[in-house]
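Chemist: structure of the sequence below:
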Amino acid sequence: MAGSPTARRRRLSIELKKLREKSTLTCAQAVGPGLERLQGQPDGDGQWRIQPSDIDALCRFYGTSDELREFLKSLARQAKVRGWWQVHGAGVPEWFNIYIGLEQDASTFRQYQCEVVPGLMQTEVYASELHKSGAHMSAEDITKAVQVHMERQAMLRRPDAPDAWFIVNEGALRHVIGDHALMREQMERVRETADLPTVTVQVLPFDAGTYPATGSFTMLGFPAPEDPDLVYRDGITDAMYLEGEHHVREYTRAFDGLRSRGLESSTLGLVDRVDPEGLRKVTIEASGGSGRPVWFTSSYSNGAGGECVECAFTGGGALVRDSKVADARVIVVGSDAWRSFVQNVKRGGAAL
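Modeler: Numbering: from 1, shown residues only. A predicted model of the protein is given here:
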């Protein structure tokens, strides 16, 4: 039986839908005598919750066996239990509570993250910095949200930990959150997570070329065959759950495409990007180089003259920085984007 309250609620919904479809009734027709309450309003958090007494009425209406009725009533009772992640109040929005409940019950976990380090690998300080960017959150809510983040990570260390596979875009690792000391600590956490026996971490490098994904997503698989796999994508204020076979199949293909372009997990030296001076190292296993990058200074900048831009080149693309600033932040340009830029300039296009 599904483990978390959220997963039980989902399983109950699936079983009731199967009964309705088998009976060829519409949703409105299925709300028979004794179930008029279900035509009213959802609970305060926007969710419908079927009571065990509702199950009795539905099973009489559908003519189910006593065994199935008791199983469904058990699901309804257990679905009312609050998960550990639901005690943190406003720190965790309800749409994310639903995801955590499903995540905790998953037996397989596949995630592509293109913007930031995946939540299940974040340090407390890194997660806190990310949540501070949400100006609407109070300090108390941020503390609660970060606490949930940290407790979620225990699932990767359980005896029955899911088979987890993370693909992280190189840009997410190069994106400095907080300061460079924080990022060194965060990169070490990524390494530690990658060493767990049920975890695989790949990095999608800048020179991976085109690939079939335009944003971060997560795929969850469940131990019971009655619980179908699903795809999860979230935003700033809500989330999207895709459960149809077509959606799962297409996202699986996309993930496989990313996996084929990602570096082998043994190349996690790519993760260690920040040097003691705060400049990003580019001499990593992926580029096969050694020492510091060689910078080439532009001989022309604009009509007023001056040399303000310099570039360095690696196997992963081009690095660009302001030559007048000693500790200037480095802009990383993938090889495909740089090639397109150069070709555009040669054709007389805008050099932007």
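Chemist: can I see the domain layout of this protein?
Modeler: Using automatic domain parsing, the domain parsing of the chain gives 5-79, 85-271, 296-346.
Chemist: got TSV for those, with mean pLDDT and mean neighbour count too?
Modeler: Every C-beta, even on glycine, is put in place using the N, C-alpha and C of the backbone. Listed next are these as TSV, based on pLDDT from 0 to 100; neighbours: other CB atoms under 10 Å:
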stretch	mean pLDDT	mean neighbour count
domain 5-79	64	15
domain 85-271	85	17
domain 296-346	68	14
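Chemist: and the helices in the stretch 151-300 of the chain?
Modeler: 170-174, 180-194, 245-261 (DSSP state H, counting those that start in this stretch).
Chemist: wait, Y251 sits on D229?
Modeler: No. When contacts are counted by CB atoms under 8 Å, Y251 is not listed as touching D229 (9.2 Å).
Chemist: overlap in contacts of those two?
Modeler: M219 (CB atoms under 8 Å, 6 or more residues apart in numbering).
Chemist: ok so, going back, which of the helices of the stretch 151-300 of the chain sits closest to R110?
Modeler: Evaluated over these, closeness to R110 peaks at helix 245-261, with 5.4 Å, by CB to CB.
Chemist: by contact count, what packs against that closest one?
Modeler: Helix 245-261 sits against strand 108-113, strand 163-169, strand 199-204, strand 217-221, strand 230-234, with contacts defined as 3 or more CB pairs under 8 Å, 6 or more residues apart in numbering; DSSP states H and E.
Chemist: and the angle for the third one with strand 108-113?
Modeler: Same thing as strand 199-204. Calculated by axes from the mean of the first three to the mean of the last three CA atoms, to 10 degrees, strand 199-204 forms an angle of 30 degrees with strand 108-113.
Chemist: ok, strand 199-204: who's next to it in the sheet?
Modeler: strand 163-169 (parallel) (DSSP bridges).
Chemist: which residues sit against the strand it pairs with?
Modeler: Taking CB under 8 Å, 6+ apart as the rule, strand 163-169 contacts 107-115, 117-118, 120-121, 156, 190, 193, 198-204, 255, 258-259, 262.
Chemist: could you rerun that using 7 Å?
Modeler: Contacts with strand 163-169, where a contact means CB atoms under 7 Å, 6 or more residues apart in numbering, come from 107-114, 117-118, 156, 198-204, 258-259, 262.
Chemist: check the gap between the closest residue to Y232 other than its chain neighbours and R253 for me.
Modeler: Of all residues beyond its chain neighbours, the one nearest Y232 is T218 (4.5 Å), with distances taken as CB to CB, 6 or more residues apart in numbering. To R253, T218 is 16 Å away according to CB to CB, to the nearest Å.
Chemist: thank you kindly, that will do.
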